[in-house]
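*Asks:* Whatever this is, show me its structure:
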Amino acid sequence: MKAIVLLPVLSLLLTGCKPSDSSTASTGSSNSGSNDSVLQAPANYVNGLGRAERNAGATADVASLNQAIGSFQIDKGRFPNNLDELVQEKYLTKVPDAPFGMKIDYDASTGQVKVVKQ
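*Replies:* Residues are numbered from 1 along each chain as shown. The predicted structure is shown next:
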């Protein structure tokens with residue numbers, strides 16, 4: 001119930017932070033575009049949260065993989081041939097899943113891990 005009451009207030013606050021268009025500010029005329037942004041502000045906010053969560057997850061996964069690859073390289077004197085080798089040698093319990101629509105790209109010659117779009 002509180003979320004329903006807070007949603008319009010949140011959308012007004014988010015819309016209030018948007019820089020105003022100089023052409024509408026100087027004329028003082030009302031346009032329907034500002035109503036659209038108020039209505040879409042909650043959706044834009046939720047989409048932004050989803051993107052931030054995916055990016056944070058990808059960053060955390062890459063950090064844990066880089067740490068495991070570094071440990072493997074120090075112990076064995078080489079980079080792992082693939083990410084599954086990190087699991088076989090018990091540097092990781094499992095290879096982390098990539099966020100939706102992304103894949104984990106590993107270059108065995110340089111030991112670099114990236115999360116890229118599929």
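
*Asks:* show me where this structure has helices.
*Replies:* 2-16, 22-27, 33-76, 83-88 (DSSP state H).

*Asks:* The longest one - contacts with which helices or strands?
*Replies:* Taking 3 or more C-beta pairs under 8 Å, 6 or more residues apart in numbering; DSSP states H and E as contact, the helices and strands that helix 33-76 lies on are helix 2-16, helix 83-88, strand 102-107, strand 112-117. Where C-beta positions appear, they are placed from N, C-alpha and C, glycine not excepted.

*Asks:* how about a cut-off of 7 Å?
*Replies:* helix 2-16, helix 83-88, strand 112-117 (3 or more C-beta pairs under 7 Å, 6 or more residues apart in numbering; DSSP states H and E).

*Asks:* Kindly report which one of the helices of the chain carries the lowest mean pLDDT.
*Replies:* Note on the helices of the chain: helix 22-27 shows the lowest mean pLDDT, a mean of 48.

*Asks:* Chain neighbours aside, what residue packs nearest to Leu83?
*Replies:* Spatial nearest neighbour of Leu83, excluding adjacent residues (C-beta to C-beta, 6 or more residues apart in numbering): Val95 at 4.7 Å.

*Asks:* Now do that neighbour against Lys114, distance only.
*Replies:* Going from Val95 to Lys114 by C-beta to C-beta, to the nearest Å gives 14 Å.

*Asks:* residues in contact with the closest residue to Gln112 other than its chain neighbours?
*Replies:* Ranked by C-beta to C-beta, 6+ apart and with sequence neighbours excluded, the top spatial neighbour of Gln112 is Tyr106, at 7.4 Å. With contact taken as C-beta atoms under 7 Å, 6 or more residues apart in numbering, Tyr106 is in contact with Asn82, Leu83, Val113.
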